[in-house]
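K.L.:
The following comprises the amino acid sequence and a computationally predicted model.
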Amino acid sequence: MTTTSPAVSGAAAVRRPRRGRTLWLLVVLGALGALMFASVAVGSRDVPWSAVAAALGGSAEGFDQAAVAKRIPRTLLAVLAGAALGVAGAVMQGVTRNPLADPGILGVNMGASLAVVTGIAYFGLASATSFIWVAITGAGLTMVFVYTVGSLGRGGATPLKLALAGAAVSAALASFISAVVLPRNDIADGVRSWQIGGVGGGTFDSITQALPFLTAGLAVCLLSARALNLLALGDDLAAGLGERVAVARGAAFLGAVVLCGATTAVTGPIGFVGLVVPHMCRLLVGVDHRWLIPFSALGGAALLTAADVVGRVVARPGEIDVGIVTALIGAPFFIHIVRRQKVRAL
């Protein structure tokens, strides 16, 4: 494989001292805690601080307290979904050595979406657990297809070829989704709203059903951290150091696919979190995946929570779905990455 690592400079990069990483860890944790509190306290409806305190204490008697209580599972879902997408992006960039890799850009989220929509329209799927299994299957098949298409031709799976293959597959899958939904007026409204991507419908029940899958996917990704560090050195060198390259790459992909599929099933397709967050985290902690993956989880959680708060505030009394906010953030960042890498080098 001859692609360029997002951390090609990783081998020559200056090692971040553990002390500096620990300091950044505390900063990110503090920022995430503040954003979670803001997500509970701030919304399209203003509520007094007394109602916020009462709702956090478990009371939901008054209208204001009920409004705050509804924001709690929404906040938890934003944290979990953001963490999952951040980790999935970091792992995909590490496995493909592609700075443009992201569940949305590579079409993985759209593949999961098509699988869910097809299941709803033709197989009567209704439970969150069935959505998750179907979404993981769709995400996995799409990832394999995009990687295969991007690997064709001279040079193998270059970052540009993977990005173009992912964009083409995403466009095709979006058309298939429209073809499935258009004849079905009974599901059209719900599917269109879900396709935008958001956490507004988060409930403790949906979180509980998705949590085992997210936990398993995160565990696999964390266990793959050492292998990803070796893969960054190149397949031949990694194999020479005793790493089973195909197994390591497949296991890491599996963890990322489970995270993407489970998240998409619950929130709909949310793009660009997996692109932006790993790049930001590398600036803080370097390219060691043993640090990068946990930081990407925290950074993704913080980004998606912040995007949800912004979406609730800027359009009062209405709301802007978090998928739109992340697209507004991520699209310029994507262009910046392409320009910085200079398309010919990709």
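P.N.:
Yes, it's here.
K.L.:
How much space separates F253 from L141?
P.N.:
Here the distance between F253 and L141 works out to 12 Å (Cβ to Cβ, to the nearest Å). In short, each C-beta sits where N, CA and C put it, glycine included.
K.L.:
Of the two, give the one with the bigger neighbour count.
P.N.:
Neighbours around F253 and L141, counted as other Cβ atoms under 10 Å, are more numerous at F253. The numbers are 23 against 16.
K.L.:
Can I get whichever strand or helix holds the more buried one in CSV, CA atoms only?
P.N.:
The secondary structure element spanning F253 is helix 245-267 (assigned by DSSP states H and E). Once side chains and other backbone atoms are set aside, the C-alpha atoms of helix 245-267 remain, and they are given as CSV (Å, rounded to 0.1, in the frame of the first residue of the first chain):
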residue,chain,number,x,y,z
VAL,A,245,-1.0,-6.6,8.8
ALA,A,246,-4.2,-8.0,7.3
VAL,A,247,-5.6,-9.1,10.6
ALA,A,248,-4.6,-5.8,12.3
ARG,A,249,-6.2,-3.7,9.5
GLY,A,250,-9.4,-5.9,9.5
ALA,A,251,-9.8,-5.7,13.3
ALA,A,252,-9.4,-1.9,13.3
PHE,A,253,-11.8,-1.5,10.4
LEU,A,254,-14.3,-3.7,12.3
GLY,A,255,-14.2,-1.5,15.4
ALA,A,256,-14.7,1.7,13.3
VAL,A,257,-17.5,0.1,11.3
VAL,A,258,-19.4,-0.9,14.5
LEU,A,259,-19.0,2.6,15.9
CYS,A,260,-20.3,4.2,12.6
GLY,A,261,-23.2,1.8,12.2
ALA,A,262,-24.4,2.0,15.7
THR,A,263,-24.2,5.8,15.8
THR,A,264,-25.9,6.2,12.4
ALA,A,265,-28.7,3.9,13.4
VAL,A,266,-29.5,6.1,16.4
THR,A,267,-28.7,9.6,15.2
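K.L.:
what does the average pLDDT come to for the lengthiest helix in the chain?
P.N.:
If each helix of the chain is counted by residues according to DSSP state H, the longest one is helix 63-96. Model confidence over helix 63-96, given as mean pLDDT, is 89.
K.L.:
Also stretch 163-171?
P.N.:
The average pLDDT within stretch 163-171 is 89.
K.L.:
Check which residues of that stretch are buried.
P.N.:
Within stretch 163-171, the residues that qualify as buried by neighbour count (16 or more other Cβ atoms under 10 Å) are 163-167, 169-170.
K.L.:
what's the distance between the longest helix of the chain and the middle of its chain?
P.N.:
Relative to its parent chain, helix 63-96 has a centroid offset of 9 Å by Cα atoms, centre = their mean, to the nearest Å.
K.L.:
same check, this time on stretch 158-166
P.N.:
19 Å.
K.L.:
contacting residues for G107?
P.N.:
With Cβ atoms under 8 Å, 6 or more residues apart in numbering as the criterion, the residues that contact G107 are 142, 146, 165-167, 169-170, 173.
K.L.:
again, 6 Å this time
P.N.:
Counting by Cβ atoms under 6 Å, 6 or more residues apart in numbering, G107 touches 142, 146, 166, 169-170.
K.L.:
For the one helix or strand S193 maps to, give me every contacting residue.
P.N.:
In this assignment (DSSP H and E), S193 forms part of helix 185-196. Outside helix 185-196, the residues within contact range by Cβ under 6 Å, 6+ apart are 117, 120, 181, 268, 321, 323.
K.L.:
Select from these every entry located in helices.
P.N.:
Filtering these for membership in helices, criterion DSSP H, returns 117, 120, 181, 323.
K.L.:
ok, back up a step: closest to C281 among the buried residues of stretch 163-171?
P.N.:
Closest to C281 out of the buried residues of stretch 163-171 is A163 (20.5 Å), distances taken as Cβ to Cβ.
K.L.:
what number of residues lie near the residue nearest to L85 when sequence neighbours are not counted?
P.N.:
Spatial nearest neighbour of L85, chain neighbours left out: V273 (4.0 Å); criterion: Cβ to Cβ, 6 or more residues apart in numbering. When neighbours are counted by other Cβ under 10 Å, V273 registers 33.
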